[in-house]
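Asks: Pasted the sequence and its predicted model underneath.
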Amino acid sequence: MSEPVLSVRELVVEIPTRHGLLKPVDGVNYEIAPGEILGVVGESGAGKSMTGNAVIGLLDRPARIASGEIYLKGERIDNLSLSELRRYRGKEIGMVFQDPLTSLNPLLPIGDQLTETIQEHLGVSSAEAERRAIHALEEVGIPAAAERIGSYPHEFSGGMRQRVVIALALCAEPSLVIADEPTTALDVSVQAQITALLKRLCRERGMAVMLVTHDMGVIAETADRVAVMYAGQLAELGDVRDVITAPRHPYTDGLMGSTPLASKGKKRLHQIPGSMPRLGNLPSGCAFHPRCPYTQDKCKTDLGPRLRDLDGRAACWFPLDGARAAKGVA
Amino acid sequence: MAFIVSVRSLTRVFDVSKPWLNRVIERLPKRKLTAVSDVSFEIEENTVYALVGESGSGKSTIGKMVVGLLPPSEGEVEIEGVNLATETDADKIDTVRSDIQMIFQDPYASLNPRWKVGNIIEEPAVANGDATDGLAERLLEQVGLSASDVNKFPHEFSGGQRQRICVARALASEPNLIVCDEPTSALDVSVQAQVLNLMSDLKDEFGLTYLFISHDLTVIQHMADKIGVLYLGRLVEEASPDALFDSPKHPYTQMLLEAAPRMDGFGREVEPPEGEIPDPINPPTGCAFHPRCPIAVECCAKERPVLETKGAGRRVACFLAE
């Protein structure tokens, strides 16, 4: 396997509060190879977006990276100064946010927003930058790109706006794109267009993509590998087909089972009892044990095994074997 | 079986013109947006009727008109045989109104942050003048929360718990019909499963009828007894979930089902649908779907197909559907 584009090792993000230290991301390890799409799933509050923000250096204070290392193409980027980080953001790492309306400047024509990024990172003339901007818009499928370059964000529909945001993320030809819920605000048919676009660009350019979403269907169709997060930790990491059809962590099993698709034909959906614990109030031992149908005594006292070595698939003392898991629990 | 709701040629037009002074100075015509046009359907008692469509298809507008939050421009909504817009008997209006409740999409915006949960839940019953002691406590336990939560405020609950509070509030006036507008789209899948299960249980327990509005096909397939597919304010297909998902007849429904992500679709390469939903102010002539339709023929651009019964329990608005 070639050198990974992104490699995150033992990443810990901390937020000091009055009530003590919270760890929204606690010891996360993963790698993304060139041309690979890594899906990151989990419930809200599991630390999915926080991991993405830590990689691109967009953590809001007081949140900070407490320990761990982030490497981009072999270079360490988690301890860079702000000015050094600016060279990476937009140039080496592109970011696509959930809401296309708030991630574009409403007062600037989209062409200006694109040329600004291109000139900043690639140092080309303004005429060349405009040519590249038009090319970037054409590539994401915006019709009549040359005429629309002077249009403002509000003149585009939601799907078209998200294409502009993707063009903006890709215009400096980054090697890694972090897409944080890129299709959640969009309709089904537009969502299909956007995921197809991401897949095509990823394949053509050999980019690495980190796709953060809570939609299992999107993950199944788009991602190559999946990381499942629970309470700031990786619960399971593996090939998308394995994780979805034969989950080994009971949480993944419950999550997959609770989608209406998996319970097709059943009167009731499978549900995981309770809800995710608050960060300030994590249970002892494995964070999932109070909700886990297979809890044993060891889970209550011993911290769950971490996914330290990247081959280990599930962070569970008693991982399920695929056959039992696929049926779900009544 | 009795129909609890019958909607007949329901139409809603919004005036989206500029202010009159601009119209005079710039000589602009009035602009009308037809959000819903000529929609008719009926809901049987104790069933779930689902409306599905993309944004701008008019599904929420229909929901609001059924509840009575918006007056229809044309057509009528009859609930339990009473048309709320024209009925003159105040007693009848009161009884029917207390039989309808609504659950909204965003559980963060639909609960008053300054009210205690107990007061929020009792409110519909208080408004009808039939609140009883311990009502809020009883309802809270029914939706899976604890009776001691009555004195808490909404911010002390998570999204899923808030949606349970919304469900409890909807149940307070002992309604027959609940209109649910995207009740789970703000929730995580595992929480969504809890809320959907709760709604199914309550339906069986109290004999409720749901008008379920959602854009999520998988949720619709799980919940609905009958599905109406909307495109640009019109019903294009209506069928039972099995019939609709196994053999969709309208090309729009086919496109929608094809585009929906699947759990078993590993590496599936879909040809994504072309184009987007058109501008509802200047909708295409004829069938509104014809510019995006892969099988459109000449007459589709000229004439609008009517919603016709095709096969058992299925209605389709397409010239080419057999």
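Replies: Looks like it came in fine.

Asks: neighbours around B:Val297, how many?
Replies: 10 (other CB atoms under 10 Å in any protein chain shown). Backbone N, C-alpha and C define where each C-beta goes, glycine included.

Asks: check contacts around the residue in the stretch 151-300 of chain B that chain A sits nearest to.
Replies: The minimum distance from the stretch 151-300 of chain B to chain A, using CB to the nearest CB, falls at B:Pro261 (2.9 Å). With contacts defined as CB atoms under 8 Å, 6 or more residues apart in numbering or on different chains, B:Pro261 is in contact with A:Gln191, A:Ala192, A:Thr195, A:Asp215, A:Gly217, A:Val218, A:Ala220, A:Glu221.

Asks: Which one of those residues is nearest to chain B?
Replies: For those, the nearest to chain B is A:Gly217 (2.9 Å; CB to the nearest CB).

Asks: so that closest one sits right up against B:Ala260, yeah?
Replies: Yes: assessed by CB atoms under 8 Å, A:Gly217 is found in contact with B:Ala260 at 6.9 Å.

Asks: Now do the shared contacts for those two.
Replies: Common neighbours of A:Gly217 and B:Ala260 (criterion: CB under 8 Å, 6+ apart): B:Thr218.

Asks: Output the set of residues of the stretch 1-150 of chain B in proximity to chain A.
Replies: Within the stretch 1-150 of chain B, the positions near chain A by CB under 8 Å from any CB of the partner chain are B:Glu54, B:Ser55.

Asks: how about a cut-off of 10 Å?
Replies: Residues of the stretch 1-150 of chain B lying near chain A by CB under 10 Å from any CB of the partner chain: B:Val52, B:Gly53, B:Glu54, B:Ser55, B:Gly56, B:Ser57.

Asks: I'd say the last one and B:Ile277 touch.
Replies: The reference is to B:Ser57. Yes: B:Ser57 lies in contact with B:Ile277 (CB atoms under 10 Å); the separation is 7.0 Å.

Asks: quick one: which of these two has more around it?
Replies: Neighbours were tallied for B:Ser57 and for B:Ile277 using other CB under 10 Å; the higher tally belongs to B:Ser57 (26 against 22).

Asks: For A:Thr183, see how far away the more buried one is.
Replies: Distance of B:Ser57 to A:Thr183, given as CB to CB, to the nearest Å: 18 Å.

Asks: what does B:Ala186 give?
Replies: If you measure B:Ala186 against A:Thr183 using CB to CB, the figure is 16 Å.

Asks: the more surrounded of the two?
Replies: Neighbours around B:Ala186 and A:Thr183, counted as other CB under 10 Å, are more numerous at A:Thr183. The numbers are 25 against 19.

Asks: thought that one was touching A:Val212?
Replies: No: if you go by CB under 10 Å, A:Thr183 and A:Val212 don't touch, sitting 11.0 Å apart.

Asks: quick revisit: reformat the contacts of B:Pro261 into a markdown table and put secondary structure next to each item.
Replies: Output for the contacts of B:Pro261, formatted as a markdown table (DSSP: H, G, I helix; E, B strand; the rest coil):
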| residue | secondary structure |
| --- | --- |
| A:Gln191 | helix |
| A:Ala192 | helix |
| A:Thr195 | helix |
| A:Asp215 | coil |
| A:Gly217 | helix |
| A:Val218 | helix |
| A:Ala220 | helix |
| A:Glu221 | helix |
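
Asks: Keep only these that also lie close to chain B.
Replies: Okay, of the contacts of B:Pro261 touching chain B (CB under 10 Å from any CB), that's A:Gln191, A:Ala192, A:Thr195, A:Asp215, A:Gly217, A:Val218, A:Ala220, A:Glu221.
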